[in-house]
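Chemist: Return atomic coordinates for the entry below.
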Amino acid sequence: MEETRDTYHTITKPSPETLFKERGSKFFNYAFPVKDEDDIKNAIESLKKKHHTAGHFCYAWQLGQRYESYRANDDGEPNNSAGMPIYGQLQAFDLTNTLVVVVRYFGGTKLGVGGLIQAYKLGAQLALESAKIIKRTINQNFQIKFDYPEMNAVMRIIKDEGLHIVSQKMELDCLIVISVRLKHADRVFNTLHQLHKIKVKKI
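Modeler: Numbering: from 1, shown residues only. Down below sits the predicted model:
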C-alpha cells in the first residue's frame, strides 16, 4: 500500500526572466510561487502590463499541498499546444503552488503544432530550471488544552518529538497549538491522548 504523501515541492520566489527565440518568435518565461487564484491573476496581469504588445500569455498552474487542482491555458494557441506542455513541466519538476507563464511575441513564421509544443515545453523548463525549488512537509495541527500543573508532561513530549509550537497561551488553563508532520501525526496524537487531564484535538 502506498504511503500517504506528506511532502511537496514548490518555489520560494519568482524565477528570473528567461528568453529564447524560435524562427523569429520570442518566448519570455516565468515561474511564480502562488497560494490561490488571486495570486495567479495578479501575476498574469503584471506580465500583461510589462509585455503589453505580446500576442499570447500561455500558462499552467498547480495548487494545494496534495496537488489537488491545476489548470492549463493555451491563450489563443492551437488546442493543447501550449498550456499542457507547460503543465507537463510542472509535473516533471513535481511542483505545486506554482504558476508558469510563457509570453510569446509572434515573429511572422508559424511553428506548427509540434513546434509550438516543443517551444512552450522548453519555455516552462527554462523558467523552472532557473527557480529555487524547495521541499516542504505537509503538517497536521493539534490543539492541546490542559491545566498548568500538566505543563511539564506536555512540554517534555513537545521537546522529545521536536514539535513546532504554532501558538501558546500559558495561564491557569493552558492552550498550545502544535504542528506535526503528517506521517508522525497519529503517533503523536496517541502519545498526548494517553496523558490524563489533557485534551487534544485535530484542527
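
Chemist: Identify the residues contacting the spatially most central residue of the chain.
Modeler: Most central in the chain under Cα atoms, centre = their mean is residue 97, positioned 2.3 Å from the mean C-alpha point. Counting by Cβ atoms under 8 Å, 6 or more residues apart in numbering, residue 97 makes contact with 8, 10, 33-35, 62-65. (Glycine included, C-beta is placed from N, CA and C.)

Chemist: Same check on residue 154?
Modeler: 144, 146, 174, 176, 192, 195, 198.

Chemist: Show the subsequent helix or strand relative to the helix or strand where it lies.
Modeler: Per DSSP states H and E, residue 154 falls inside helix 151-161. The element immediately downstream of helix 151-161 (helix or strand, assigned by DSSP H and E) is strand 164-169.

Chemist: which residues sit against that next one?
Modeler: By Cβ under 8 Å, 6+ apart, the residues outside strand 164-169 that reach it are 139, 141, 158, 174-179.

Chemist: Now with 7 Å, please.
Modeler: Strand 164-169 has contacts (Cβ atoms under 7 Å, 6 or more residues apart in numbering) with 141, 158, 175-179.

Chemist: Quick one: mean pLDDT for that strand?
Modeler: Per-residue pLDDT over strand 164-169 has a mean of 95.

Chemist: Send over that strand as PDB, restricted to the C-alpha atoms.
Modeler: Provided in PDB are the C-alpha atoms of strand 164-169 (Å, rounded to 0.1, in the frame of the first residue of the first chain):
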ATOM      1  CA  HIS A 164       6.800  23.100  16.300                       C
ATOM      2  CA  ILE A 165       4.600  25.300  18.600                       C
ATOM      3  CA  VAL A 166       2.300  27.400  16.400                       C
ATOM      4  CA  SER A 167       0.800  29.300  19.300                       C
ATOM      5  CA  GLN A 168       0.500  29.100  23.100                       C
ATOM      6  CA  LYS A 169      -1.500  30.600  25.900                       C
END
